[in-house]
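# the following block contains a protein sequence and its predicted model.
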Amino acid sequence: MSAGQDSNHSMPLESSQIITCVLPDDGTDRILLRILREEKSIIRADSVSCRGIAVLREALSKKDRLPESTLVRMVTVVVLDTEAEALFAYIYEKARIGRPGGGMLLLSKPVMSTLYSLPEG
């Protein structure tokens, strides 16, 4: 088995990182996915709806109960290891993570992923 190949399959692997964004449910995820596709040709990204509790927001709750959660969007992007740092900074800017309530951004350790492409057309 050569480096960069799965021992059970002949699919080539590439060193990648996963960027995860937790964004408010205000349409920022859709805008970010469109920008990533149009400006960076990134197609290995998705967005899912989930519930979250803001760490820095004052949370009202009843005694012995968790604070009320809110709807958020989690965007996951798989990116080549060599492009991860630059794309992380790009996403921070484009998703406006630094604004109040703007969300959070995480970058994983390198992982191996399969190549992914869409046919022309």
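Looks like it arrived, so ask away.
# which residues are contacting the longest helix anywhere in the chain?
Looking across the chain with DSSP state H, the single longest helix is helix 28-40. Contacts with helix 28-40, where a contact means Cβ atoms under 8 Å, 6 or more residues apart in numbering, come from 21, 23, 42-43, 45-47, 73, 75, 77, 87, 90-91, 94-96, 103. The way it works is simple: take the backbone N, C-alpha and C, and place the C-beta from them, glycine included.
# show me what counts as buried in it.
28-29, 32-33, 36, 40 (16 or more other Cβ atoms under 10 Å).
# please save the CA atoms from stretch 78-90 in CSV.
Provided in CSV are the C-alpha atoms of stretch 78-90 (Å, rounded to 0.1, in the frame of the first residue of the first chain):
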residue,chain,number,x,y,z
VAL,A,78,-13.3,19.7,4.1
VAL,A,79,-10.2,21.5,2.8
LEU,A,80,-6.7,20.4,1.7
ASP,A,81,-4.3,20.5,4.6
THR,A,82,-2.1,23.0,2.6
GLU,A,83,-5.0,25.5,2.2
ALA,A,84,-6.6,25.1,5.7
GLU,A,85,-5.0,28.1,7.5
ALA,A,86,-5.8,30.6,4.7
LEU,A,87,-9.4,29.3,4.3
PHE,A,88,-9.9,29.5,8.0
ALA,A,89,-9.1,33.2,8.0
TYR,A,90,-11.2,33.7,4.9
